[in-house]
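J.: Build me a model:
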Amino acid sequence: MSKKNKDNCCEKFKTMIGGQALIEGIMMRGPEKDAVVVRNKDGLQIDVKPRKIHKKGSFATWPLIRGVVGFFDSQVTGVKALMKSADLAPEEYQEEPSKFDAWLEKKLGSEKFQKAIIGVAVFLGLAMSIGLFFLLPMVVGSFFDRWIDSMVVLNLVEGLIRMLIFGGYMLLVSCMKEMRRVFAYHGAEHKTIRCYEAGLPLTVENVRKMNRKHPRCGTSFLLVVMLLSILVFSVASTGLLALMPALEAMQGSFLYRLIMIAYKLALLPFVVAIAYEINRLVGRHDNWFTRILTAPGMWFQNFTTCEPDDSMIEVGIAAVEAVLPEQEGSDRW
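T.: Prediction:
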């Protein structure tokens, strides 16, 4: 079997169905429905909800705009799914609400309390990701401008710092026993989608044979964003200095560093938007060019996926089956 066929697992079509690993479960998103499937002592718990769909041609579906809209939508949906999985998970994973949580829920009401928790969780998650993987490397990298004049080289140094921080973070996370199980559910999600795209019946035996890595992996999306940011920041920073020669004269000063950091942070939505369009391209096509684009993410999945056991595969199968569209083929790119 050639490497291409082995990686694609005899792929017959590409589906837009995708998911996320949870606490003892999987969240799967289809074209019409979202599903959270969790295994506890009572068996598989399945929660299915209709998905909000933007009308074709609306502002939210415009190229580049749709990437930013989709990113925030996925963050909110992911937090909701994690909260749902925590409610459905086995007792050892559940925690009693704190006195503050109970007081806040009483004051706001159950619905407003949940919205507040989701909003805070999304904000903190984004703040941590941006702060740790972008702001910190920018601050550290900016001090190299004393010795490096080239904006391209400076951004490469910043990118290297970013990748070292990201690699160290993933290494620490992968050492956690609980996260190894989450990574195994991540593998089950990929394997099940691979089996579905191969046109095979969704059975444990068929899914078990599939590759645990998938080119459209949402988790490796962050890696693509970080790599892409090196190119975008280099081009945009060089362009800014060309347009504002007075700024170049300030190089090395605190104000210069502050302006450049703020400028790059402002470019992040644009980087996310481009990464989303790359993901769409990969979702629709399979050729040498798209395989080059997905190579970093596929390699990265060696660390973010593990081989699942049969019980995890059963969860993956239930999750995919729960979001299959009523009209066959409407989930295809």
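J.: Which residue ranges of the chain form helices?
T.: Secondary structure of the chain, counting by DSSP state H: helices at 3-8, 65-88, 99-108, 110-130, 136-142, 151-174, 177-197, 204-208, 221-243, 245-248, 254-284, 288-304, 310-323.
J.: Please convert these to CSV, extending it with distance to D47 and mean neighbour count.
T.: C-beta here means a position set from N, CA and C on the backbone, and glycine is covered the same way. Output for the helices of the chain, formatted as CSV (distance: least, C-beta to C-beta, whole Å; neighbours: other C-beta atoms under 10 Å):
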stretch, distance to D47, mean neighbour count
helix 3-8, 32, 13
helix 65-88, 6, 18
helix 99-108, 20, 12
helix 110-130, 14, 13
helix 136-142, 37, 19
helix 151-174, 26, 16
helix 177-197, 16, 23
helix 204-208, 22, 18
helix 221-243, 24, 18
helix 245-248, 52, 11
helix 254-284, 26, 17
helix 288-304, 24, 16
helix 310-323, 9, 22
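J.: Mind putting these into JSON lines with distance to K49 and mean pLDDT?
T.: Compiled in JSON lines, the helices of the chain are given as follows (distance: least, C-beta to C-beta, whole Å; pLDDT from 0 to 100):
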{"stretch": "helix 3-8", "distance to K49": "31", "mean pLDDT": "46"}
{"stretch": "helix 65-88", "distance to K49": "9", "mean pLDDT": "86"}
{"stretch": "helix 99-108", "distance to K49": "21", "mean pLDDT": "56"}
{"stretch": "helix 110-130", "distance to K49": "14", "mean pLDDT": "78"}
{"stretch": "helix 136-142", "distance to K49": "36", "mean pLDDT": "90"}
{"stretch": "helix 151-174", "distance to K49": "29", "mean pLDDT": "89"}
{"stretch": "helix 177-197", "distance to K49": "18", "mean pLDDT": "94"}
{"stretch": "helix 204-208", "distance to K49": "24", "mean pLDDT": "97"}
{"stretch": "helix 221-243", "distance to K49": "23", "mean pLDDT": "88"}
{"stretch": "helix 245-248", "distance to K49": "49", "mean pLDDT": "82"}
{"stretch": "helix 254-284", "distance to K49": "23", "mean pLDDT": "89"}
{"stretch": "helix 288-304", "distance to K49": "26", "mean pLDDT": "88"}
{"stretch": "helix 310-323", "distance to K49": "10", "mean pLDDT": "97"}
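J.: I'd like those helices laid out as CSV, including distance to R332.
T.: Supplementary listing: these in CSV, determined by distance: least, C-beta to C-beta, whole Å:
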stretch, distance to R332
helix 3-8, 15
helix 65-88, 18
helix 99-108, 42
helix 110-130, 30
helix 136-142, 39
helix 151-174, 32
helix 177-197, 9
helix 204-208, 20
helix 221-243, 21
helix 245-248, 48
helix 254-284, 9
helix 288-304, 16
helix 310-323, 14
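J.: between those helices, which gets nearest to H214?
T.: helix 177-197 (4.1 Å; C-beta to C-beta).
J.: name the helices or strands packed onto that closest one?
T.: Contact here means 3 or more C-beta pairs under 8 Å, 6 or more residues apart in numbering; DSSP states H and E; on that basis helix 177-197 packs against strand 18-22, strand 25-29, helix 151-174, helix 204-208, helix 288-304, helix 310-323.
J.: hmm, try it at 7 Å
T.: Using 3 or more C-beta pairs under 7 Å, 6 or more residues apart in numbering; DSSP states H and E as the contact criterion, the neighbours of helix 177-197 among helices and strands are strand 18-22, strand 25-29, helix 204-208, helix 310-323.
J.: what does the longest one contact?
T.: Okay, so that is helix 310-323. Surrounding helix 310-323, the residues in contact under the criterion C-beta atoms under 7 Å, 6 or more residues apart in numbering are 17, 19, 25-26, 28-30, 33-35, 37, 39, 44, 46, 48, 184-185, 188-189, 191-193, 196, 202, 204, 207-208.
J.: Just the angle for it relative to strand 25-29, thanks.
T.: With axes from the mean of the first three to the mean of the last three C-alpha atoms, to 10 degrees as the criterion, the two stretches helix 310-323 and strand 25-29 enclose an angle of 30 degrees.
J.: CA atoms only for helix 310-323, dumped as PDB, please.
T.: Taking C-alpha atoms only, helix 310-323 is exported to PDB below (Å, rounded to 0.1, in the frame of the first residue of the first chain):
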ATOM      1  CA  ASP A 310     -12.700  -0.300  21.800                       C
ATOM      2  CA  SER A 311     -14.900   1.500  24.300                       C
ATOM      3  CA  MET A 312     -13.600   4.900  23.100                       C
ATOM      4  CA  ILE A 313     -14.200   3.800  19.500                       C
ATOM      5  CA  GLU A 314     -17.800   3.100  20.400                       C
ATOM      6  CA  VAL A 315     -18.200   6.600  21.700                       C
ATOM      7  CA  GLY A 316     -16.700   8.000  18.400                       C
ATOM      8  CA  ILE A 317     -19.200   5.900  16.400                       C
ATOM      9  CA  ALA A 318     -22.100   7.100  18.400                       C
ATOM     10  CA  ALA A 319     -21.000  10.700  18.000                       C
ATOM     11  CA  VAL A 320     -20.700  10.500  14.200                       C
ATOM     12  CA  GLU A 321     -24.000   8.700  13.800                       C
ATOM     13  CA  ALA A 322     -25.700  11.300  15.900                       C
ATOM     14  CA  VAL A 323     -24.800  14.200  13.600                       C
END
